[in-house]
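> could you look at this predicted model? Sequence included:
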Amino acid sequence: MTNFIVKKPLSIFKRYLSETNTDPRGRRWIYIPYDQLNDKIGPLSREDPKEIGIVLIENLWKAKRRPYHKQKLALFLANQRHFALEQASRGVSVRYVWGDAPYHELLQPLVQEFGPIRVMRPAEHELRADLAQLNHPKGLVEIVHEGWLTTAEQFRKSHTGPPWRMDSFYRFVRRATGILMKNGKPDGGKFSFDPENRLPWKGKPSCPELPVFSPDEITQEAIELVQRDFSRHPGKISPASLPASLADLEKLWSWAKRECLPMFGPFEDAMSRKSRSLFHARISSLLNLHRLLPSRVVLETVALPIKLASKEGFIRQILGWREFMHHVHEATDGFRNVRSKSQTVQSDPGSAGFETWTQGEWKPATRTACVDGGALVSELGAGQPLPPVFWGKPSGISCLDTVVREVWEDAYGHHITRLMVLSNIATLLDVSPRQLADWFWVAYSDAYDWVVEGNVLGMGTFGLGDLFTTKPYVSGAGYIHRMSDYCESCEFDPKKNCPLTPMYWSFLQRHKGKLQHNVRLAMPYRALETRPVVRRKEDLATFHRVRKLLAAGEMVKPIQNKS
C-alpha cells in the first residue's frame, strides 16, 4: 500500500489543529477540494457543525505536477490551513491528510473508514478525472457546486452554440438575475459600457497603494515549507502580498471597494510600469479558491456608490466572463471535445519548457494515466516552443520583459497585460497555445484549468478558432504604446522600428488563408493589401529574426542603418 504520510507536518499548524479539533465519531463527512474553502456554500453553510466532518488534503503530488510559482503554492497552502482551523473552531471535525499520491488514492481508505463522502462538484477537470478513478462501492457522492452564480441550464438557454458568445450569455444572465436591471431594461440603457472603459493612465488619478499583510504563525509556516520543499520551483514569495486569514481577505476586499472600484472602469485596459495593478481589485486568487465568494462580491459591488461604468465593468468580469469560461470548459470536457470532435491531448502535465531552461534541475511528480496534460489545440497551426524570455531571460522588448518580471515577482498581472502583451507576443511568434496555457497555469496564483485554458487557448491565442471568440486578439506596437508607458523605457521606437508592428503584419500574411474572411479583420486585411511587397518581405524577415533570437535566449536589438 502507498505510504501517504511523506513527513511529519510542521508543528505549529498541527498543534493548533489538535487543540481545536473535535471527536470525529458519528459525523457525516464531506471532502472539500482545494478551491472550495468557504463555509457559506454547500453543506457547511446549513448543517450543524457538530454533526459533520470534513476532509482536506495537502498533496505534494499535486504541487509537484507542474513547476508552480512559489507564491501560488504558499497562497494555497496558507489559505487551506487557515480554513481547516476556522472549521475546527466552529466544531467541525477536520481530517487533514498529508500525501504524495493522486487524490483518489488518498481518499480510498477514508471512504472505507467513513462510508460515502460527499463532495461539491470540483471546478477543475483535472480533479474530476482523478476522483473518477476512486474504486470503492461506497465512494464519493457528488453534489452541486454552490459557488457558481449561474447554471449549465442557463448557459444552454442563453443562446445556441457552439460557437458561443459571452455577450449573449451575459445579457441573458443579467435579465435572469435582475442585476443592474430596472423594469426589464439595463441600468443606464445598455448592458456594457466597455467602449467607455478604454482610457490610458497618464498618472492621474493617483493609483492606490497595495494593502500589506503581516503573516501570522500559520502563514509564515506555510511560506517556510514552500521555500524549503519547493526551492526549485520558480518565482518569489512576497509575504506582504499573501492574504490567508479571514481578517486578511476582509482587508483586501474592503481596500478594493474603497480604493480600486470607483476608478476601475475607465482604466481597466490601461497598463503601466508605475503600477502593476492600477485600479484592479487583485481578488481573483481568493475568488478562485472561494475564500471570497463571487456572490458576495457581485452583490456588494451593486450596492457601491460608484459610477455605473465602473460598476458594470467589474461585475461583467465576474458574472459574465468568469462564469462563461467555466461553462464553456465544462461543455467541451476541457476542450477535449470541440464541436463533437475529439481533440488530441497531451499525455502528461506540461511544464512550458521549464526543465529546458533550468538544465533539468526540476523534475515533475510521478505521472498517472488517469489525469492527462490537457487538450492540444491550435487552429492556426502554431507550435513553436515557448521562448526563454518567459522564464526571465531578457528579450530587449520592454513591455514583454517588464510584464514577465512582474509575474515572477508577484504571480499576478491584470487581464490586459496577459492578453495584449504576453498572449499577443506569443501568438505573433506562433508559440504553441498549449505551452503558453501551461505557462499561465504555473505562473499565476489565480490560474486553474477551467479559467486559464479558455483564456489562453481560446481568447489569448485563437487556438480554438471562433469557438467563443470572434477574432485573434493581436496587435502591433500601436496598441501597447497607446495603452501603456512601456515604450518609454524601450530601445525601440513604437512608431519607427519596434518589431511588434512588422510581426503583426507578418502574422496576418502567414495566416491569411484562415483569417482573411473574418469580418472583424476586414479592415486590417484591406490595409495589408496596400502594403508594398518589399515591406511584406521585411515583415517576414523580422518575424524570423525575432523568433530565432528569442528561441536562443538572445536579446533583440534595433538594426542600425548602414550609412
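Arrived safely, thanks for sending.
> from here on, contacts and neighbour counts on C-alpha atoms
Noted.
> so, low pLDDT: which residues of this protein?
Judged by pLDDT under 70, the chain has its weakly predicted residues at 1-10, 360-361, 364-367, 561-563.
> can you pull the domain assignment for it?
In terms of domains, the chain is parsed into 11-143, 156-214+248-331, 337-551 (source: automatic domain parsing).
> please produce a markdown table containing these, extended by distance to Arg232 and mean neighbour count.
Converted to a markdown table, the domains of the chain look like this (distance: least, C-alpha to C-alpha, whole Å; neighbours: other C-alpha atoms under 10 Å):
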| stretch | distance to Arg232 | mean neighbour count |
| --- | --- | --- |
| domain 11-143 | 8 | 19 |
| domain 156-214+248-331 | 23 | 18 |
| domain 337-551 | 6 | 19 |
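> next, format those as JSON lines and append distance to Gln227.
What follows is the domains of the chain, written out as JSON lines (distance: least, C-alpha to C-alpha, whole Å):
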{"stretch": "domain 11-143", "distance to Gln227": "8"}
{"stretch": "domain 156-214+248-331", "distance to Gln227": "18"}
{"stretch": "domain 337-551", "distance to Gln227": "14"}
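> out of those, which is closest to Pro234?
Nearest of the domains of the chain to Pro234, taken as C-alpha to C-alpha: domain 11-143 at 5.3 Å.
> and for the helix or strand hosting Asp401, what's in contact with it?
Using DSSP states H and E, Asp401 maps to helix 398-410. If you take C-alpha atoms under 8 Å, 6 or more residues apart in numbering as the criterion, helix 398-410 is touched by 69, 71, 234-238, 241, 273, 276, 389-392, 394-395, 412-413, 417, 421-422, 425, 443-444, 480, 486-487, 489-491.
> figure out how far that helix is from the centre of its chain.
From the chain centre to the centre of helix 398-410 is a distance of 16 Å (C-alpha atoms, centre = their mean, to the nearest Å).
> go on, stretch 440-460?
Computed by C-alpha atoms, centre = their mean, the chain-centroid distance of stretch 440-460 equals 4 Å.
> same check on stretch 22-36?
Distance, stretch centre to chain centre, for stretch 22-36: 28 Å (C-alpha atoms, centre = their mean).
> kindly format the C-alpha coordinates of that stretch as CSV.
Extracted in CSV, the C-alpha atoms of stretch 22-36 (Å, rounded to 0.1, in the frame of the first residue of the first chain):
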residue,chain,number,x,y,z
THR,A,22,-13.3,17.6,17.8
ASP,A,23,-14.4,14.0,18.0
PRO,A,24,-14.8,12.5,14.5
ARG,A,25,-17.2,9.8,15.5
GLY,A,26,-20.8,9.8,14.2
ARG,A,27,-20.2,12.6,11.6
ARG,A,28,-21.4,13.0,8.1
TRP,A,29,-18.3,13.5,6.0
ILE,A,30,-17.5,16.0,3.2
TYR,A,31,-14.4,16.2,1.1
ILE,A,32,-13.5,19.9,0.5
PRO,A,33,-11.4,20.3,-2.6
TYR,A,34,-8.5,22.8,-2.5
ASP,A,35,-10.6,25.6,-4.2
GLN,A,36,-13.8,25.4,-2.2
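> what does that stretch rub up against?
50-57, 76, 80, 88, 91-94, 114, 116-120, 122-123, 147, 288-291.
> how about the helices in the stretch 301-450 of the chain?
Secondary structure of the stretch 301-450 of the chain by DSSP state H, counting those that start in this stretch: the helices cover 308-315, 323-331, 354-357, 398-410, 415-416, 424-428, 433-443, 449-453.
> relative to Tyr525, which of these is closest?
Closest to Tyr525 of the helices of the stretch 301-450 of the chain is helix 424-428 (C-alpha to C-alpha; 15.9 Å).
> which helices and strands sit right next to the closest one?
Helix 424-428 sits against helix 500-510, with contacts defined as 3 or more C-alpha pairs under 8 Å, 6 or more residues apart in numbering; DSSP states H and E.
> show me what the helix it packs on is packed against.
Using 3+ C-alpha pairs under 8 Å, 6+ apart, the elements in contact with helix 500-510 are helix 424-428, helix 477-483, helix 522-530, helix 533-551.
> can you list the residues that contact it?
The contact list for helix 500-510 (C-alpha under 8 Å, 6+ apart) reads 425, 428-429, 474-478, 515, 525, 528, 536, 538-540, 542-543.
> can we see that at 7 Å?
Leu428, Ser475, Gly476, Ala477, Arg536, Asp539, Leu540, Thr542, Phe543 (C-alpha atoms under 7 Å, 6 or more residues apart in numbering).
> now stretch 489-501, how far from the centre of its chain.
Centre to centre, stretch against its chain (C-alpha atoms, centre = their mean), the figure for stretch 489-501 is 29 Å.
> and that stretch, how far apart are its ends?
Length of stretch 489-501, first residue to last, C-alpha to C-alpha, to the nearest Å: 18 Å.
> centroid-nearest residue for this structure?
For the chain, Ala447 is the residue whose C-alpha lies nearest the centre (C-alpha atoms, centre = their mean; 2.8 Å).
> pretty sure that residue sits against Trp441.
Yes. Taking contacts as C-alpha atoms under 7 Å, Ala447 lies within contact range of Trp441: 5.1 Å.
> can you tell me the SS state at Arg95?
strand (DSSP: H, G, I helix; E, B strand; the rest coil).
> please begin residue numbering at 4 from this point
Renumbered: residue one is now 4, and that last one reads Arg98.
> and it, how far is that from Leu228?
Distance from Arg98 to Leu228, by C-alpha to C-alpha: 20 Å.
> same check, this time on Ile120
Distance of Ile120 to Leu228, given as C-alpha to C-alpha: 29 Å.
> work out for me the element the residue nearest to Leu152 when sequence neighbours are not counted sits within.
Using C-alpha to C-alpha, 6 or more residues apart in numbering and skipping the chain neighbours, the partner closest in space to Leu152 is Ser298 (6.5 Å). Under the criterion of DSSP H and E, Ser298 resides in helix 297-305.
> do Trp101 as well
Using DSSP H and E, Trp101 falls in strand 96-102.
> quick one: strands adjacent to that strand?
Strand 96-102 pairs in its sheet with strand 55-62 (parallel), by DSSP bridges.
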